[in-house]
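Only the shape, not the letters, is given here:
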């Protein structure tokens with residue numbers, strides 16, 4: 001049966017919010033951006049309202065809070081299930097309906113006039129059962145990735161923050177740090193530290209460029225990359241283990257991610273800073289140094305509220321503690337298998353996502369019966 005969106009949904013704008021200690025997820029337009037100790041919403045769909053993530057869709061069946069970059073969507077459950085509405089909105093390409101002059105913007109006024117076909121509730125349940133099977137497997141992989149990331153972080157902190165590295169019992173300390181270690185600039189640890197290109201976007205282009213949208217939850221996600229035609233220096237092709245840092249705007253400024261896997265013909269745009277380690281240092285060690293600095297980077301933006309910049313000079317002059325080389329090599333030898341396992345899980349996720357996305361429009365349109 002065909003409905004206007006206004007027959008199915010009502011919307012509430014999120015509010016400005018500052019993350020605090022707690023376990024209640026805070027949703028921005030690009031997913032969970034932090035945590036709070038208070039919940040304002042429960043069992044709702046979250047739409048990205050403005051900016052780079054305009055039209056994004058998330059669903060939280062539990063308690064959550066949300067920023068003013070979102071629209072909180074309530075469903076008329078006599079007509080449409082929340083779980084079905086989530087898949088419906090994901091395949092609707094809401095960004096294509098956005099207005100706004102300076103940046104994409106979705107309003108309640110734009111949404112309420114849209115139309116869609118919605119099957120009976122029992123058919124919705126069958127469709128959701130098929131699609132959620134893929135999402136459940138993807139979520140299992142996400143949890144495994146988080147466990148592996150936590151293992152790597154715990155080891156880094158144990159050895160290089162708490163100084164409980166192998167042999168620490170007999171180590172000599174000078175001025176509070178192990179003898180032979182030294183404070184130095186991030187630049188001195190880096191082979192490359194620079195902003196990217198201003199791309200020439202072209203859907204037929206043979207080259208790929210990542211943006212800040214691709215740096216999410218500590219991993220560079222190639223799915224948000226775009227095709228382009230501007231040539232770039234070979235050394236600016238992303239390499240496995242590179243660190244990338246969001247360096248323009250608000251919300252994502254200072255976010256640190258790592259590249260997992262090799263991506264031919266792929267570079268980064270001018271809103272991203274690439275930091276590549278010196279060959280004798282260790283790519284994972286440098287990544288975790290920068291990841292530990294992420295809260296500081298997030299507060300070092302300069303400029304107007306909506307267009308802050310994390311300058312390259314701020315990153316390169318940041319002070320890092322360089323450990324003794326043999327210990328760093330030992331750390332790398334332990335972390336590299338963890339890194340490779342995450343790459344395998346990401347590949348599995350990509351395969352599951354592709355299968356689900358191929359199935360999604362066929363199920364939603366009724367071309368594939370369930």
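Cool, the structure landed. A quick note: this is a predicted structure, and the numbers were derived from the prediction, not measured. Residues are numbered from 1 along each chain as shown.

neighbours of residue 243, just the number please.
Number of residues near residue 243 (other C-beta atoms under 10 Å) recorded here: 27. Using the backbone N, CA and C atoms, a C-beta is placed for each residue, glycine as well.

Mind pulling the model confidence for it?
For residue 243, the model assigns a pLDDT of 98.

Is it correct that it is in contact with residue 272?
No: between residue 243 and residue 272 there is no contact under C-beta atoms under 8 Å: 10.5 Å.

Show me the strands in the stretch 251-370 of the chain, by range?
256-258, 266-268, 272-277, 319-322 (DSSP state E, counting those that start in this stretch).

what's the closest of these to residue 184?
strand 319-322 (5.2 Å; C-beta to C-beta).

Work out the sheet partners of the closest one and label each with its direction, please.
Sheet pairing for strand 319-322, assigned by DSSP bridges, gives strand 182-185 (antiparallel).

Quick check: next helix or strand after the partner strand?
Going down the chain from strand 182-185, the next helix or strand is helix 186-189, by DSSP states H and E.

Put together CSV for the strands of the stretch 251-370 of the chain, with distance to residue 2 on each row.
Output for those, formatted as CSV (distance: least, C-beta to C-beta, whole Å):
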stretch, distance to residue 2
strand 256-258, 42
strand 266-268, 42
strand 272-277, 43
strand 319-322, 59
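
for the protein, which spans come out with low pLDDT?
Applying pLDDT under 70 to the chain flags the ranges 101, 251, 305-306.

So which residue is dead centre in it?
The centroid of the chain falls nearest to residue 216 when counting by C-alpha atoms, centre = their mean (1.1 Å).

Contact partners for that one?
30, 31, 224, 255, 257 (C-beta atoms under 8 Å, 6 or more residues apart in numbering).

what angle separates the longest helix seen in the chain from strand 272-277?
The longest helix of the chain (DSSP state H) is helix 325-365. For helix 325-365 against strand 272-277, the angle by axes from the mean of the first three to the mean of the last three C-alpha atoms, to 10 degrees is 140 degrees.

Now do the phi/psi pair for the residue nearest to the centre of the chain.
Backbone torsions of residue 216, given as degrees, to the nearest 10, read phi -140, psi 130.

same deal with residue 58?
phi -130, psi 160.

That one contacts residue 27, doesn't it?
Yes: in terms of C-beta under 8 Å, residue 58 counts as a neighbour of residue 27; the distance is 6.0 Å.

Return every residue with contacts to both of these two.
Residues touching both residue 58 and residue 27 (C-beta under 8 Å, 6+ apart) are residue 46.

So the two - more neighbours on which side?
Ranked by neighbour count (other C-beta under 10 Å), residue 58 and residue 27 place residue 27 first, with 26 against 23.

That's all I had, so thanks and see you.
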